[in-house]
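**Q** For reference, the sequence and a predicted model appear below.
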Amino acid sequence: MAEISDECWTRVKGRLRAEVGEAVYSSWFARMELESVEANTARISVPTLFLKSWIQSHYAERLLTCWQSERPAVTRIDLSVRSAAIRAAQPTFAVSPPAAVPHLEKRDTGHFRHEIKSISASNLVVQDSRGGSPLDPRLTFESFVVGRSNTLAHAASKQVATARRGDPVMFNPLYIHSGVGLGKTHLLQAVALKINNLGERKALYLTAERFMYGFASALRSQTALAFKDALRGIDVLVVDDLQFLQGKNSQAEFSHTLNSLIDGGRQVVVAADRPPTELESLDERIRSRLAGGLVVEIGLLGEELRLEILSARVQAARAHHPGFDVPAQVLGYISRTVTHNGRDLEGALNRLLAHSKLTSQPITMELAERELRDLVRPVELKRVRIEEIQRIVARHYNVSRSDLLSSRRTANVVRPRQIAMYLAKTLTLRSLPEIGRRFGGRDHTTVLHAVRKIESLIGVDNTLAAEIEVLKSQLQE
């Protein structure tokens, strides 16, 4: 009977490894041991309390599903810590089969989430099948196309990914920012994949949303301490889309985790859609710590880089669709006209591929112009920062930036300050309160007054209107 259980356990682990991937399996499941299979219960042990809590919070249903695929009679998983003293003090964790749960919620990620009843508690505990956010095996350093706009971000990311355990940490945190679709997520996932594939260190990739969800779940299931230990014990923590981190408690926990990892010599890699100083919704302590590392911007994709990306994607597509061919003329047209971001380039090629496969017609310029017309957008204006507005305005009117932020009310400072506030409102997406905070902590009503004042003056003062147009041109260069 023991031999049958051992064979079944081997197959269960094989299924689990295939479903979650080698990196996740090595991180969380490699040290599981089967204690026994009795009636409808599989008893499994792990060496530490935090592993037990992490599997309990994130992988319980996946583990049960793998067991039921091999032995349908198993309807419960008894997860324990191998230390007898700890096991005696901790309640066992049992998972009821999904069929017993009436509620099923579909998430926008395409995965399903079950609410699973824990025998040791009366409340429902939300279980997620992932510990970290999913990694796309295609997003590697090898598939990342390097150009002038992303050279530094790529080099810094690769340096972090290939460092060895015990090496001095060069960039901590490494903070990468850019607009959407320019390669942030690709680089972050490449870092996590490379580290986990090398095997010497362990990396955990999380989106800000996944961090918040994991922390909230840990609080509800009373495993917050294990959640903290799991994150702070990781070698490299990779956090994407930090601009979405919300909530006082989540931000406080992230701040503590960030400080603990950096102070302990562990690597942190972060990405967001703007620099740390412009993440107004984040606590000042987090912004300050992030700004203290290496902050790198990925710029807009130039036409030459867009053409290289398109060529690389066509080559990759041919591995699965040998007959797919896009003439050089068409690739050149796409690289010139689809300028917004890399995702639009991918979308353009996907449309052409679909047309080629479904109609068996060759790809022509006429087809490309017709099918991609909604992706052809006007060239996007340069993203203007408030700091740049303050610098340009101060230089133009021969005052200092500190004068603009000060409480001075002299005429030679008040008018440039109002002009700078007006430009901040018209050239950026920042709210009035955000602009006021960036101008020495002023109230939003002060900003509104400045904007209305300059708008009224522009209509009657041609000299001022011309000066503002000059300032706008300088800011858009």
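**A** The structure has been received and is ready for your questions. Residues are numbered from 1 along each chain as shown.

**Q** Pull out the buried residues from stretch 423-436.
**A** Neighbour-count burial for stretch 423-436, counted by 16 or more other C-beta atoms under 10 Å, picks out 423, 424, 425, 427, 428, 430, 432, 434, 435, 436. Quick note: C-beta positions are derived from backbone N, CA and C, even for glycine.

**Q** my bad, stretch 187-200
**A** Judged by neighbour count (16+ other C-beta under 10 Å), stretch 187-200 contains these buried residues: 187, 188, 189, 190, 191, 192, 193, 194, 195, 196.

**Q** ok, and the closest non-adjacent residue to residue 46?
**A** residue 52 (5.2 Å; C-beta to C-beta, 6 or more residues apart in numbering).

**Q** Now name the helix or strand holding the one you found.
**A** helix 49-58 (DSSP states H and E).

**Q** centre of the chain versus the host helix or strand of residue 350, how much separation?
**A** Assigned by DSSP H and E, residue 350 falls within helix 342-359. Taking C-alpha atoms, centre = their mean, to the nearest Å, one finds the center of helix 342-359 at 25 Å from the center of the full chain.

**Q** what does stretch 177-195 give?
**A** So, by C-alpha atoms, centre = their mean, the centroid of stretch 177-195 is 8 Å from its chain's centroid.

**Q** Could you do stretch 354-372 as well?
**A** Its chain's C-alpha centre and that of stretch 354-372 lie 34 Å apart, by C-alpha atoms, centre = their mean.

**Q** same deal with stretch 141-148?
**A** With C-alpha atoms, centre = their mean, you get 19 Å for stretch 141-148.

**Q** how long is that stretch end to end?
**A** By C-alpha to C-alpha, to the nearest Å, the extent of stretch 141-148 from end to end equals 16 Å.

**Q** Can you tell me what sits against it?
**A** Applying C-beta atoms under 8 Å, 6 or more residues apart in numbering, the external contacts of stretch 141-148 come out as 150, 154, 157-158, 161, 183, 186-187, 190, 194, 299, 301-302, 304-305, 308-309, 312, 316.

**Q** Now, of the residues you listed, which are buried?
**A** For the contacts of stretch 141-148, a burial check counting by 16+ other C-beta under 10 Å picks out 150, 154, 157-158, 161, 183, 186-187, 190, 194, 299, 301, 305, 308-309.

**Q** Check what pLDDT the residue nearest to residue 46 gets.
**A** Confidence at residue 52, expressed as pLDDT, is 80.

**Q** before we move on, what about the one 3 residues further on?
**A** We have a pLDDT of 83 for residue 55.

**Q** I'd say it and residue 30 touch.
**A** No. Judged on C-beta atoms under 8 Å, residue 55 makes no contact with residue 30 at a distance of 11.8 Å.

**Q** Where strands are concerned, which of the contacts of stretch 141-148 count?
**A** Of these, none are assigned to strands by DSSP state E.

**Q** ok so, going back, higher neighbour count, residue 55 and residue 30?
**A** residue 55 (21 against 11; other C-beta atoms under 10 Å).

**Q** coming back round to it: what packs against the helix holding residue 350?
**A** Counting contacts by 3 or more C-beta pairs under 8 Å, 6 or more residues apart in numbering; DSSP states H and E, helix 342-359 is packed against helix 303-318, helix 328-337, helix 365-371.

**Q** can you list contacts of it?
**A** With C-beta under 8 Å, 6+ apart, helix 342-359 has contacts from 180-183, 301, 306, 309-310, 313-314, 317, 321, 323-326, 330, 334-335, 338, 361-363, 367-368, 371-372, 375.

**Q** which phi and psi does residue 48 have?
**A** With angles defined as degrees, to the nearest 10, residue 48 sits at phi -130, psi 160.

**Q** how about the nearest residue to it, chain neighbours excluded?
**A** Take residue 48 and drop its neighbours on the chain: the residue closest to it by C-beta to C-beta, 6+ apart is residue 81, 6.8 Å away.

**Q** Make sure that neighbour is actually in contact with residue 53.
**A** No. In this structure, residue 81 is not within contact of residue 53 by C-beta under 8 Å, at 9.5 Å.

**Q** Among the two, which residue is more densely surrounded?
**A** Shown here are residue 81 and residue 53; by other C-beta under 10 Å, residue 53 has more neighbours (25 against 20).

**Q** Report how many residues lie close to the nearest residue to the more buried one once chain neighbours are set aside.
**A** Distances taken as C-beta to C-beta, 6+ apart place residue 226 nearest to residue 53, at 3.2 Å, with adjacent residues excluded. The local packing of residue 226 (other C-beta under 10 Å) involves 20 other residues.

**Q** Same question for residue 422.
**A** Residue 422 has 24 neighbours, counted by other C-beta under 10 Å.

**Q** mind listing what the closest residue to it other than its chain neighbours touches?
**A** Distances taken as C-beta to C-beta, 6+ apart put residue 454 closest to residue 422, at 3.9 Å, once the chain neighbours are dropped. By C-beta under 8 Å, 6+ apart, the residues touching residue 454 are 418, 419, 421, 422, 464, 468.

**Q** can you redo those residues as a markdown table with pLDDT?
**A** Formatted as a markdown table, the contacts of residue 454 follow (pLDDT from 0 to 100):
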| residue | pLDDT |
| --- | --- |
| 418 | 93 |
| 419 | 94 |
| 421 | 93 |
| 422 | 92 |
| 464 | 88 |
| 468 | 89 |
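
**Q** Which one (most neighbours) among the residues you listed?
**A** Among those, residue 421 has the most neighbours (other C-beta under 10 Å), with 29 neighbours.

**Q** Report the secondary structure state of that residue.
**A** helix (DSSP: H, G, I helix; E, B strand; the rest coil).

**Q** what's the pLDDT at the closest residue in space to residue 280 that isn't next to it in sequence?
**A** Once flanking residues are discounted, residue 280 sits nearest to residue 434: 5.0 Å by C-beta to C-beta, 6+ apart. At residue 434, the pLDDT value in this model is 87.

**Q** Make sure residue 434 is actually in contact with residue 281.
**A** No. Contact criterion C-beta under 8 Å: residue 434 and residue 281 do not qualify, at 9.3 Å.

**Q** Determine which two of the buried residues of stretch 423-436 are furthest apart.
**A** Among the buried residues of stretch 423-436, the pair separated by the greatest distance (C-beta to C-beta) is 427 and 436, at 16.2 Å.

**Q** Which one of the contacts of residue 454 is nearest to residue 444?
**A** residue 421 (10.5 Å).

**Q** Which residues are in contact with the closest one?
**A** Neighbouring residues of residue 421 by C-beta under 8 Å, 6+ apart: 435, 439, 446, 447, 450, 451, 454.

**Q** How about residue 453?
**A** Residue 453 touches residue 418, counting by C-beta under 8 Å, 6+ apart.

**Q** Is it in a helix, a strand, or coil?
**A** Using three-state DSSP, the three-state assignment for residue 453 comes out as helix.

**Q** any idea how far residue 466 is from it?
**A** Per C-beta to C-beta, to the nearest Å, residue 453 is found 18 Å from residue 466.

**Q** got it, and residue 177?
**A** With C-beta to C-beta as the criterion, residue 177 and residue 466 are 34 Å apart.

**Q** So which of these two has more stuff around it?
**A** residue 177 (23 against 11).

**Q** Go ahead and confirm the more buried one touches residue 277.
**A** No. Using C-beta under 8 Å as the test, residue 177 is too far from residue 277 to be in contact (10.4 Å).
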